[in-house]
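>>> Got a predicted structure here, sequence first:
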Amino acid sequence: MNKFLTWEILKSINESSIRARRNRNFNFEKLPISPAEKYPVVFSMLHNDVEMRVQILFNTRGDRGFLDMSIEQFNSLPAAIDEK
C-alpha cells in the first residue's frame, strides 16, 4: 500500500513531531514543496517500537527527507491507488 501526504497533512504531522521532540522533522518553510502537490512515502519503518520513521519524496528532482510520526498518524495517511 503506497501512502502519501498532502501539504496540509505534512505540515500538521511535522508540527506534531516537533512538539513531541521526535528526532526527524523539518524546517517547514525551507522545504522544496508546493501546497498543490501530493508527497509519496517511499520508505517506512517502525522506529523505537513506538513511532514510524518515513522517507518522503518532495519533487521530481529526487529531494527527500525523513519524518518521525506516531503509528496512529502513519496508519491514518491516505493510500494512493495504483493506476494501471
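All right, it came through fine. Numbers count the residues shown, from 1 in each chain.

>>> Can you give me every residue that contacts the nearest residue to Leu77 once chain neighbours are set aside?
Closest residue to Leu77 in three dimensions, ignoring its sequence neighbours and counting by Cβ to Cβ, 6 or more residues apart in numbering: Lys3, at 4.1 Å. In short, each C-beta sits where N, CA and C put it, glycine included. By Cβ atoms under 8 Å, 6 or more residues apart in numbering, the residues touching Lys3 are Pro40, Val41, Ser44, Val54, Phe74, Leu77, Pro78, Ala79, Ala80.

>>> which ones among these are found in helices?
Of the contacts of Lys3, the ones assigned to helices by DSSP state H are Phe74.

>>> so can I have a markdown table of the contacts of Lys3 showing pLDDT?
Shown next, in a markdown table, are the contacts of Lys3 (pLDDT from 0 to 100):
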| residue | pLDDT |
| --- | --- |
| Pro40 | 96 |
| Val41 | 97 |
| Ser44 | 97 |
| Val54 | 98 |
| Phe74 | 97 |
| Leu77 | 97 |
| Pro78 | 96 |
| Ala79 | 94 |
| Ala80 | 78 |
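
>>> Can I get the contacts of Lys3 in TSV including distance to Leu31 and neighbour count?
Formatted as TSV, the entries for those read as follows, by distance: Cβ to Cβ, whole Å; neighbours: other Cβ atoms under 10 Å:
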residue	distance to Leu31	neighbour count
Pro40	15	15
Val41	15	20
Ser44	19	15
Val54	14	24
Phe74	19	19
Leu77	17	21
Pro78	19	12
Ala79	22	10
Ala80	20	13
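
>>> any idea which of the contacts of Lys3 is closest to Arg19?
Nearest to Arg19 among those: Phe74, at 16.7 Å, using Cβ to Cβ.

>>> By residue count, which strand of this protein is the longest?
Longest among the strand segments of the chain by residue count, using DSSP state E, is strand 38-47.

>>> ok so, going back, out of the contacts of Lys3, who's nearest Glu8?
Pro78 (11.3 Å).

>>> ok, the closest one touching Asn2?
No: using Cβ atoms under 8 Å, Pro78 makes no contact with Asn2, being 9.8 Å away.
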